[in-house]
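S.K.: Generate coordinates for the sequence data below:
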Amino acid sequence: METFALFDDKTSSKIEFEFLGVTQRDKERIQINCFTDNNDVEDSAEKGIWATYNSLENANLIQKKGTTHWGWYKRNKATQKLIPKGKKYYIACEFDESKLKRQVTGESAGLAFAVKFAQEIYRQSAGSELGYSVAATGELSGRTKGARVKKVSSINEKLLAAYECLKAGDKALYPIDNKSEIDPLLAEKLIQKKIQLCPVGTVKEAIECLFDWKFQNKRNIRKWIPKIMAIAALAFIIYYIPRISPKPCYEQVTNRLQYGDLISAKEDVNRCLKKHKNADPRLSEIAKQLNTDLYLTINFEYIKKDSHSVSQKSLSDLTLSVGDGYRFSISPSVDCYFYLFQFDSNEGVELLFPLTAFSIENHKLRKNQVRLIPGGDNYFYLTKNTQQGTITFYFVATCWRAMDIEKVFQKYNHATRMSKLKYREELIKRMNSRRTLLKEGVKGLFYHKEYFIQE
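M.R.: Coordinates of the predicted model:
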């Protein structure tokens, strides 16, 4: 069934999920591609999906006898694990903003994304959907299994939206801290329509309310014995292995950096510099880069086809037409490799920088030097062949070449039309992995996304 996010303009928006394929080489347990230009919605989606994943991973659930899912539960043992430990997911999610009356922030959509992910996991495990739809509002405090559902504004307007989009037997989830603010007449109206109101304080409570299940407490001490032994063995390995393990070579570390495995590369470099006095001096330079902030100063200029004057403006507030031109000026805070991709609203991808090929001469920027793209007095121009709609730009810079991004784009260039969408999504995934690393505190990287509208 459906899941709706609720907003203070008395509207709702349906959330759509699709699970894409993952491979053993994918290091992240959760990879998310959210098709929206609203950064708050992207953050809400990440918080909701991660909080549900961390709550359900390897957790035992007990279902209450007499609930609507009791038959499936009874056929599948006394407890259930909806997400086995280490299970990986690659999720594409879409947020329908077409029905909204005005622009919304999307911060309160976190709870809706959390319950949508739980619904989809149940559907995969049970082979069938829930028998009711759900509407939810609530901002999440974080991505952990202990994530709280924070109080939201305009709760009555949002529950009015739930009244419009739900039917008898459906559920509306909202923060428990908002319970005292609900208009009694509105609550009675929802109850008369047989919509179940579910105040929740945490993501775990939301999952329990969604399914009428409860999380099982593990109290059997015998289950902890293997874990204790594993911890002891790990402590032994951590203490002794570094004393006998070989030093990581410069080429090995560089390869990891170029393919986006910056966390492992940083651990190798720090361990080597700490344990070995005669470490390769080039590793010290890499350590410095991994601890240096990388910023780009980006300026955007455009020129209308019926005007000779150059204008500067924020991309997100801009609409251009066929015949209009645009260009960028880029200045980095440190020496770096720079990539600029342009995505149209269909399957098209263009590499705007470097202009010809991936080589040091073409796409390495020097500290504080301004680089014009496409160069000189030239502009990129919108043509009739350019797909109308949203034109999105990805700005990615690293202190090291991003070989994984380069190779995926080369595959895209040589792919058939049917295969191009696959490599387009893979390219977005690789660039978003840099965004995730930045959020985790890794330095030596830069990621930025902008867009404008083409009429």
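
S.K.: Which stretches in the stretch 201-350 of the chain count as strands?
M.R.: 213-215, 296-303, 311-312, 319-320, 325-332, 336-343, 349-353 (DSSP state E, counting those that start in this stretch).

S.K.: Switch those over to JSON lines; also include mean neighbour count, mean pLDDT and distance to residue 173.
M.R.: Where C-beta positions appear, they are placed from N, C-alpha and C, glycine not excepted. Shown next, in JSON lines, are the strands of the stretch 201-350 of the chain (neighbours: other Cβ atoms under 10 Å; pLDDT from 0 to 100; distance: least, Cβ to Cβ, whole Å):
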{"stretch": "strand 213-215", "mean neighbour count": "17", "mean pLDDT": "66", "distance to residue 173": "15"}
{"stretch": "strand 296-303", "mean neighbour count": "16", "mean pLDDT": "92", "distance to residue 173": "40"}
{"stretch": "strand 311-312", "mean neighbour count": "10", "mean pLDDT": "72", "distance to residue 173": "45"}
{"stretch": "strand 319-320", "mean neighbour count": "15", "mean pLDDT": "88", "distance to residue 173": "38"}
{"stretch": "strand 325-332", "mean neighbour count": "19", "mean pLDDT": "93", "distance to residue 173": "44"}
{"stretch": "strand 336-343", "mean neighbour count": "21", "mean pLDDT": "94", "distance to residue 173": "35"}
{"stretch": "strand 349-353", "mean neighbour count": "18", "mean pLDDT": "91", "distance to residue 173": "39"}
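
S.K.: Would you mind telling me which of these is nearest residue 379?
M.R.: strand 325-332 (3.2 Å; Cβ to Cβ).

S.K.: how near is residue 81 to residue 121?
M.R.: 10 Å (Cβ to Cβ, to the nearest Å).

S.K.: same deal with residue 176?
M.R.: Applying Cβ to Cβ, the value for residue 176 to residue 121 is 24 Å.

S.K.: Just want to know which of these two has more residues nearby.
M.R.: residue 121 (19 against 16; other Cβ atoms under 10 Å).

S.K.: ok, now which ones touch that one?
M.R.: Going by Cβ atoms under 8 Å, 6 or more residues apart in numbering, residue 121 touches 52, 56, 82-83.

S.K.: what two of those are the furthest from one another?
M.R.: Applying Cβ to Cβ across the contacts of residue 121, the maximum distance is between 52 and 82, 9.5 Å.

S.K.: what residues are shared contacts of those two?
M.R.: By Cβ under 8 Å, 6+ apart, the residues touching both residue 52 and residue 82 are 118, 121.

S.K.: which of those two has more neighbours?
M.R.: Remark: of residue 52 and residue 82, residue 52 carries more neighbours, 32 against 22, as counted by other Cβ under 10 Å.

S.K.: Flag the shaky bits of the stretch 251-400 of the chain, pLDDT-wise.
M.R.: Applying pLDDT under 70 to the stretch 251-400 of the chain picks out residues 313, 356-362.

S.K.: which stretches of it form helices?
M.R.: 262-275, 281-289, 360-363 (DSSP state H, counting those that start in this stretch).

S.K.: Need these in a markdown table (columns: distance to residue 327 and mean neighbour count).
M.R.: Output for these, formatted as a markdown table (distance: least, Cβ to Cβ, whole Å; neighbours: other Cβ atoms under 10 Å):
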| stretch | distance to residue 327 | mean neighbour count |
| --- | --- | --- |
| helix 262-275 | 31 | 17 |
| helix 281-289 | 29 | 16 |
| helix 360-363 | 17 | 13 |
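
S.K.: and residue 431, how many residues sit next to it?
M.R.: So residue 431, with other Cβ under 10 Å, has 21 neighbours.

S.K.: need the contact list for it.
M.R.: Applying Cβ under 8 Å, 6+ apart, the residues near residue 431 are 341, 394, 396, 405, 447.

S.K.: what's the answer for residue 93, then?
M.R.: 15-18, 32-35, 45, 49, 113, 116.

S.K.: Among the residues you listed, which lie within helices?
M.R.: When DSSP state H defines the helices, the subset of the contacts of residue 93 inside them is 45, 49, 113, 116.

S.K.: which one of the contacts of residue 121 is nearest residue 452?
M.R.: So of the contacts of residue 121, ranked by how close each gets to residue 452 (Cβ to Cβ), first place is residue 52, at 34.4 Å.

S.K.: so what secondary structure elements neighbour the helix or strand the closest one falls within?
M.R.: Under the criterion of DSSP states H and E, residue 52 resides in helix 39-56. Judged by 3 or more Cβ pairs under 8 Å, 6 or more residues apart in numbering; DSSP states H and E, helix 39-56 is in contact with strand 30-35, strand 89-95, helix 110-126, strand 139-140, helix 203-211.
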